[in-house]
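Enquirer: can't give you the sequence, but here's the structure:
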């Protein structure tokens, strides 16, 4: 008997008891589908969170002042920004991060919004992974001229205008009794970065979709922001971009040491440097471990399913005792009988694996659609799931197959 004949007989036996076979596959289906869904959705969530952090500038270091204990003399100045760029070893670019809030009116639609204003210079664009999605960033000349110009976040553009390419549109920003008509020169992925600088509570508002409160994040020249808000140019944080190949932590620490020296404040906690790339690694590790752990818990049902397969194959051996006796008396060798029952066990688990993969993929897309995230399901994940299900069939089918193959032909023919 060759492989093709074993496959035909196995499929025929499964069809003959299709309800029993389906119930036997249930453990395999649940195990495979849960593993696929958890890994696919978990990897999608990880990619989404890592993407948000990368949008915040994974190639940069955010140097901040402890606002809870800082005096006016401790805050970073615009001169400090230029000196960090020119004098600190390993620094390629440096941008101020001055935060302000106000009201915004979308000129085109007359929509009212809360404006989150971040005063920066043109260097900050080099911390963004894709620079501007639409339009351009403002230039050094526009920065020096206090130009009424700004870059808007992609999510902010969607919330305020209903679409993303809003270059050359206008927003009127008001704060502290002053107002200014701002031209949008570009659209970029700055919402996550603006939220991290403006405070953690802004994050949930920035990316929430079921709220009436429209929040607009704008990156504008720091000098323009001070004109709108009337605030001084004392900075709570700066964005430091290291030269390629430099250690970000070392560059961040060098910038902190410069500020301590420049302001005569050597407090260990007054200035801190946060490496954005570190957050990417931490989130990646945490999400990978968490996903793997939950997937392993879900895979326990595969063991239960495998025990069910072994049980049903033992029943099948008992039911087909006379068939085994006839075949052995006609010259069927032990390895042929073993191959026959192993083939049936593997096909049973493979069919369950295919159904489980299908349900798992559908479940991952449904679960991720609720939070508007794309699951990450790769071909190798599907291949491993199918090979694992075949392995379960092989492992748990060995004992029943060997039991059938070792039967004495005389005893098997004698059975009723």
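Expert: Good, I have the coordinates. As the structure is a computational prediction, the values presented were derived from the model and not from experiment.

Enquirer: ranges for the helices of the chain?
Expert: 3-16, 18-55, 78-87, 140-144, 154-161, 191-198, 200-207, 222-229, 248-263, 276-319, 321-329, 334-370, 379-405, 409-414 (DSSP state H).

Enquirer: Return the member of the ones you listed having the minimum mean pLDDT.
Expert: Lowest mean pLDDT of these: helix 200-207, a mean of 40.

Enquirer: what pairs with the strand ranked longest in the chain, and is each one parallel or antiparallel?
Expert: Assignment by DSSP state E gives strand 91-106 as the longest strand of the chain. Paired strands of strand 91-106, with direction, are strand 111-120 (antiparallel), strand 170-175 (antiparallel), strand 237-242 (antiparallel) (DSSP bridges).

Enquirer: Check the offset of the last one from the chain's centre.
Expert: Spelled out, that is strand 237-242. 25 Å (CA atoms, centre = their mean, to the nearest Å).

Enquirer: Repeat that for the first one.
Expert: Strand 111-120 has its C-alpha centroid displaced from the chain centroid by 27 Å (CA atoms, centre = their mean).

Enquirer: Then the second one?
Expert: Centroid displacement of strand 170-175 relative to its chain, using CA atoms, centre = their mean, is 34 Å.

Enquirer: now that strand and helix 154-161, what's the angle there?
Expert: Strand 170-175 and helix 154-161 meet at an angle of 100 degrees, taking axes from the mean of the first three to the mean of the last three CA atoms, to 10 degrees as the criterion.

Enquirer: Now strand 170-175: buried residues?
Expert: Going by neighbour count (16 or more other CB atoms under 10 Å), the buried part of strand 170-175 is 171, 173, 175. All C-beta atoms are positioned from the backbone trio N, CA, C, and that covers glycine.

Enquirer: mean confidence for that strand?
Expert: Averaged across strand 170-175, the pLDDT comes to 90.

Enquirer: For residue 166, grab the count of nearby residues.
Expert: Applying other CB atoms under 10 Å, we find 23 residues neighbouring residue 166.

Enquirer: Name the nearest residue to it, ignoring sequence neighbours.
Expert: In this structure, residue 166 finds its nearest non-sequential neighbour in residue 157, 4.8 Å apart by CB to CB, 6 or more residues apart in numbering.

Enquirer: my guess is residue 246 meets residue 60, correct?
Expert: No. The criterion here is CB atoms under 8 Å, and residue 246 misses it with residue 60 at 11.6 Å.

Enquirer: which residues does the residue nearest to residue 302 when sequence neighbours are not counted contact?
Expert: Closest residue in space to residue 302, ignoring its immediate chain neighbours: residue 31 at 3.5 Å, by CB to CB, 6+ apart. Residues in contact with residue 31 (CB atoms under 8 Å, 6 or more residues apart in numbering) are 298-305, 356.

Enquirer: With residue 44 instead?
Expert: Residue 44 makes contact with 364, 368, 373-376, according to CB under 8 Å, 6+ apart.

Enquirer: Tabulate those residues (TSV), appending distance to residue 165 and neighbour count.
Expert: Output for the contacts of residue 44, formatted as TSV (distance: CB to CB, whole Å; neighbours: other CB atoms under 10 Å):
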residue	distance to residue 165	neighbour count
364	31	25
368	26	20
373	24	18
374	22	14
375	28	23
376	28	18
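
Enquirer: Going by distance to residue 255, which of those wins?
Expert: Checking the contacts of residue 44 against residue 255 with CB to CB, the nearest one is residue 373 at 35.0 Å.

Enquirer: any idea of the pLDDT on the closest one?
Expert: 80.

Enquirer: Hmm, it is touching residue 46, no?
Expert: No. Using CB under 8 Å, residue 373 is not in contact with residue 46, being 9.9 Å away.

Enquirer: follow-up on the earlier one: how far does the longest strand of the chain sit from its chain's centre?
Expert: Averaging C-alpha positions (CA atoms, centre = their mean) puts strand 91-106 27 Å from its chain's average.

Enquirer: Between residue 246 and residue 60, which is the more surrounded one?
Expert: Between residue 246 and residue 60, counting by other CB under 10 Å, residue 60 is the more crowded of the two (28 against 15).

Enquirer: got the contact list for that one?
Expert: By CB under 8 Å, 6+ apart, residue 60 lies in contact with 127, 239-242, 248, 276.

Enquirer: If we use 10 Å, what do you get?
Expert: 92-95, 123-124, 126-128, 193, 239-242, 248, 251-252, 274-277 (CB atoms under 10 Å, 6 or more residues apart in numbering).

Enquirer: Drop anything exposed from these.
Expert: For the contacts of residue 60, a neighbour count by 16+ other CB under 10 Å gives the buried set as 92-95, 123-124, 126-128, 193, 239-242, 248, 251-252, 274-277.

Enquirer: one step back: of all the helices of the chain, which one is nearest residue 113?
Expert: Residue 113 lies closest, by CB to CB, to one member of these: helix 154-161, at 5.5 Å.

Enquirer: can you pull the buried residues of that closest one?
Expert: Across helix 154-161, burial judged by 16+ other CB under 10 Å covers 154-157, 159-161.

Enquirer: Could you tell me the angle between that helix and helix 18-55?
Expert: 90 degrees.

Enquirer: Next one: residue 233 from residue 72, what distance?
Expert: Distance, residue 233 to residue 72, by CB to CB, to the nearest Å: 12 Å.

Enquirer: the more surrounded of these two?
Expert: Between residue 233 and residue 72, residue 233 has the larger neighbour count (other CB under 10 Å), namely 17 against 7.
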